[in-house]
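**Q** sequence below, structure please.
(chains A and B)
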Amino acid sequence: ETGVTQSPTHLIKTRGQQVTLRCSSQSGHNTVSWYQQALGQGPQFIFQYYREEENGRGNFPPRFSGLQFPNYSSELNVNALELDDSALYLCASSSLAGESPGELFFGEGSRLTVL
Amino acid sequence: GQNIDQPTEMTATEGAIVQINCTYQTSGFNGLFWYQQHAGEAPTFLSYNVLDGLEEKGRFSSFLSRSKGYSYLLLKELQMKDSASYLCAEFPYNTDKLIFGTGTRLQVFP
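**A** You can find the predicted model right below:
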């Protein structure tokens, strides 16, 4: 069983630039969620994708956007980067069926630094 | 995690027992999760409580009281490798997202 993989693991951008982060979900999972985790904080929900459609969004501005592909992999795009966007971006896949629906399987994250 | 409250930091000694508390304010939810996160790593699943009571899994146990909006994670026979952040997360009704607390950073000393 392949786990959740994310790329890149680390990247540095400057203010105003754009970034794309990628995620491959765990085998058998059709739902992908993205979370932002600032240093010393818990993960904050950005949005979720189910069957290529956005299925819920947290309190993030429209410059945070995403995509899900037919193979359930996903992208997170952030435009017009700001310093406060510096964080660990976590992708998590899940399945609504099973013993603990909603249980998230996290990737290792992409650590973004905005200078 | 504006609706979830847990202590910021705790310390304990190897071999001891520690209880990490979590309170939440959601009026209805599907269940409550606990995740462990080592520094620089992804969170990993520890437990999921739907009904009131205690769920035991080896050295780790989790308790839930829905009427009191309260949960705790109990760690027994602490080991150095248990030094990590412990995240409490609620799974609200009619959503497919988890709402995380800020996490409790546990340091285990020899």
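
**Q** all contacts plus neighbour counts: C-alpha atoms, from now on.
**A** Noted.

**Q** just the pLDDT for whichever residue of chain A sits closest to chain B.
**A** Closest residue of chain A to chain B, CA to the nearest CA: residue A:42 (4.1 Å). Residue A:42 is assigned 93 on the pLDDT scale.

**Q** so which residues on chain B come close to chain A?
**A** Selection of chain B residues close to chain A by CA under 8 Å from any CA of the partner chain yields B:1, B:33, B:41-45, B:48, B:87, B:91, B:95-103.

**Q** just checking, which of these belong to helices?
**A** Of these, none are assigned to helices by DSSP state H.

**Q** chain neighbours aside, what residue packs nearest to the residue of chain B found nearest chain A?
**A** Chain A sits closest to residue B:102 of chain B, with a gap of 4.1 Å, by CA to the nearest CA. Spatially, and ignoring its direct neighbours in sequence, residue B:102 is nearest to residue A:42 (4.1 Å; CA to CA, 6 or more residues apart in numbering or on different chains).

**Q** how near is the residue nearest to the spatial centre of chain A to residue B:77?
**A** Centroid-nearest residue in chain A: residue A:34, 2.8 Å away (criterion: CA atoms, centre = their mean). Look at residue A:34 and residue B:77: by CA to CA, to the nearest Å, they are 34 Å apart.

**Q** show me the contacts for the nearest residue to residue A:83 once chain neighbours are set aside.
**A** Spatially, and ignoring its direct neighbours in sequence, residue A:83 is nearest to residue A:114 (5.2 Å; CA to CA, 6+ apart). By CA atoms under 8 Å, 6 or more residues apart in numbering or on different chains, the contact set of residue A:114 is A:12-15, A:81-86.

**Q** just the buried ones out of those residues, please.
**A** A:13, A:81-82, A:85-86 (16 or more other CA atoms under 10 Å in any protein chain shown).

**Q** coming back round to it: run a quick neighbour tally on the residue of chain B closest to chain A.
**A** 25 (other CA atoms under 10 Å in any protein chain shown).

**Q** in the chain, where is pLDDT below threshold?
**A** Just so you know, I chose chain A. A:1-2, A:96-102 (pLDDT under 70).

**Q** actually, chain B is the one I wanted.
**A** Residues of chain B that meet the cut-off, pLDDT under 70, sit at B:1-2, B:27.

**Q** gap between residue A:26 and residue B:34?
**A** Taking CA to CA, one finds residue A:26 at 20 Å from residue B:34.
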